[in-house]
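Undergrad: sequence first, predicted model second:
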Amino acid sequence: MAETKLTHRAEAILIGGSTGSIEVLLRLLPTLPDPLSFALIIVLHRKNTADSTLANLLSLKTNSPFREVDDKDLIKPGTIYLAPADYHLLIEQDKSFSLDDSEKVNYSRPSIDVTFESAADVYGSSLIGILLSGANADGTKGMQAIKKRGGLLVAQHPDTALVGYMPQQAIENTTVDHVLDVAGIIEFLNSVNTA
Amino acid sequence: MIEEEEIDLLLTDLIEVHGYDFTHYSRASLKRRINRLWQLDKFPSFAELRYRVRSDTDYLKRFVEEVTVNVTEMFRDPQFYRALRNDVLPTLAAKPFIRIWHAGCSTGEEVFSMAILLNEANLLHKSLLYATDLNPEVLETARAGIFAMAPMKQYSENYILSGGKNDFSIYYTAQYGYVKFNSSLSEKMVFSTHNLVSDQSFNEFDLILCRNVLIYFDKALQQRVLTLFDDSLGPLGYLALGAKETLKFSTLQATYRQLAGEKIWRKQS
């Protein structure tokens, strides 16, 4: 049988991170293909104040449309979305966002688990979950949910993360398909939906 | 984990047996809330959960209270309160009487925040604050004006950031880990159950606050509720929504003007 190069197809890619993940995003965003062939949804643990400095900082690093999510925004391919501070970010079956200000999950709002689990329900196997640096176990249950629905998992290599705990938890508790350093994650993201 | 079809069964029961309509709530959030309650209350199967909700009216109260979200705080988003203080209240000051509606007030923290603003603007004596919620239980808490002591430090900081000049503690007395807000603040409050899904307009208001409630509704229900608010606002009345809520998907967009940088809209004419 001829060997075929594996390319992953995805309608949406989720990136979750906490301590040490903003630095990774600042490196990663400028290297993304333009235009993007998928929707990119970013969930970061952040201060619970509604200021736009993080959104401004990240949006400067990309030419793709970038927005901090408003309630009921439709998810469009090619667009990068950031979960707003102090709300959980959920995804509806019609591929629009809903916000939720209920209790913190894993001491966090937004919680990575909440978004990842909700997205897994909607996108099934057409979803990729990426977990970056962080000092919290948030994200592991979300990664498990994505796996269960046939999606693909990527974790930042814990040794290359500022804090390896978050990706390490996912690696220990589910089957992560690719454990990569930042350069590897960049290469991976550029291979999605090609050929 | 609950299946979509099971959610449909439960929602149909809630309408048919109890008259609560959750069918136009944001489905993803509702599903999460039901799953959370299923785990908390350790139902061995969906059938048991469904049976309790159908037949046990005490449990129904718990179900409605837990499935809806009752998170609230005082002076949340201080710059929002600063805008109320500086840009909204002065335009209402000339009125002989000020009517305010807190729709979906939960345990009342925002109502007390508003009463403090009105008090400091010397307007409380001629104001009436209507505060409504779907849950009778949370209204009991609001009516009592008794809250946990623990978050007061945060609230006090929020209050100062909103432009408050007093020592926040003059507004309450503390005892045994709780605080009770002064009755001079609550004297102008009227608490009542009101369901935004099924109830009608009940008065005309100068300001309606409904923050972080619409996020739990789908677009169709949001439009219904916004129309209800439109019907309930007098000319040049104000509508205040949560930090990530918007009129952009609604027909009200055309006849309301947004205050710069804030989630406050003013009805034109």
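TA: Looks like it arrived, so ask away.
Undergrad: make it CA atoms for all contacts and neighbour counts henceforth
TA: Noted.
Undergrad: what residue in the stretch 151-269 of chain B comes nearest to chain A?
TA: Using C-alpha to the nearest C-alpha, residue B:244 is the residue of the stretch 151-269 of chain B that sits closest to chain A, at 4.9 Å.
Undergrad: SS state for the residue most central in space within chain A?
TA: The central residue of chain A, meaning the one whose C-alpha is nearest the mean C-alpha position (C-alpha atoms, centre = their mean), is residue A:15 at 1.4 Å. The three-state label for residue A:15, taken from DSSP: H, G, I helix; E, B strand; the rest coil, comes out as strand.
Undergrad: tell me the contacts of it?
TA: Counting by C-alpha atoms under 8 Å, 6 or more residues apart in numbering or on different chains, residue A:15 touches A:40, A:41, A:42, A:43, A:129, A:130, A:131, A:132.
Undergrad: any idea how far it lies from residue A:113?
TA: Going from residue A:15 to residue A:113 by C-alpha to C-alpha, to the nearest Å gives 11 Å.
Undergrad: give me the neighbour count for the residue in chain A positioned nearest to chain B.
TA: For chain A, the nearest residue to chain B under the criterion C-alpha to the nearest C-alpha is residue A:70, separated by 4.9 Å. By the other C-alpha atoms under 10 Å in any protein chain shown criterion, the neighbourhood of residue A:70 contains 20 residues.
Undergrad: equivalent analysis for residue A:161, please.
TA: A total of 23 residues lie near residue A:161 under the criterion other C-alpha under 10 Å.
Undergrad: identify the residues contacting it.
TA: With contacts taken as C-alpha under 8 Å, 6+ apart, residue A:161 has the following neighbours: A:20, A:132, A:133, A:134.
Undergrad: export these as JSON lines, with columns for secondary structure and distance to chain B.
TA: Below are the contacts of residue A:161 laid out as JSON lines (DSSP: H, G, I helix; E, B strand; the rest coil; distance: C-alpha to the nearest C-alpha, whole Å):
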{"residue": "A:20", "secondary structure": "coil", "distance to chain B": "26"}
{"residue": "A:132", "secondary structure": "coil", "distance to chain B": "24"}
{"residue": "A:133", "secondary structure": "coil", "distance to chain B": "26"}
{"residue": "A:134", "secondary structure": "coil", "distance to chain B": "24"}
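Undergrad: quick one: which of those residues has the most company?
TA: Counting neighbours by other C-alpha under 10 Å, residue A:132 comes out on top of the contacts of residue A:161 with 34 neighbours.
Undergrad: what's around residue B:260, how many residues?
TA: By the other C-alpha under 10 Å criterion, the neighbourhood of residue B:260 contains 9 residues.
Undergrad: please narrow the contacts of residue A:15 to those residing in helices.
TA: Of the positions in these, not one sits in helices, assigned by DSSP state H.
Undergrad: just the element for residue A:86, please.
TA: Using DSSP states H and E, residue A:86 is not contained in any helix or strand.
Undergrad: any idea how far it lies from residue A:137?
TA: From residue A:86 across to residue A:137, the span is 18 Å (C-alpha to C-alpha).
Undergrad: for residue 180, give the beta-bridge partners.
TA: All of this refers to chain A. Beta-bridge partners for residue A:180, by DSSP bridges, are residue A:156.
Undergrad: wait, I meant chain B there
TA: According to DSSP bridges, the residues that bridge with residue B:180 are residue B:146, residue B:173.
Undergrad: need the helices for chain A, in chain order.
TA: Using DSSP H, the helices found in chain A span residues A:21-28, A:53-59, A:112-123, A:140-148, A:165-173, A:182-191.
Undergrad: repeat for chain B
TA: B:4-13, B:27-40, B:46-55, B:57-67, B:78-83, B:89-92, B:109-120, B:136-144, B:152-161, B:183-186, B:219-232.
Undergrad: minimum distance to residue A:106: which of these has it?
TA: Ranking the helices of chain B by proximity to residue A:106 (C-alpha to C-alpha) places helix B:27-40 first, at 13.9 Å.
Undergrad: how about residues contacting the closest one?
TA: Outside of helix B:27-40, the residues within contact range by C-alpha under 8 Å, 6+ apart are A:90-93, A:98-100, A:118, B:1-2, B:7, B:49, B:63, B:66-68, B:216, B:218.
Undergrad: what mean pLDDT does it have?
TA: Per-residue pLDDT over helix B:27-40 has a mean of 95.
Undergrad: and the angle from it to helix B:4-13?
TA: Here the directions of helix B:27-40 and helix B:4-13 differ by 90 degrees (axes from the mean of the first three to the mean of the last three C-alpha atoms, to 10 degrees).
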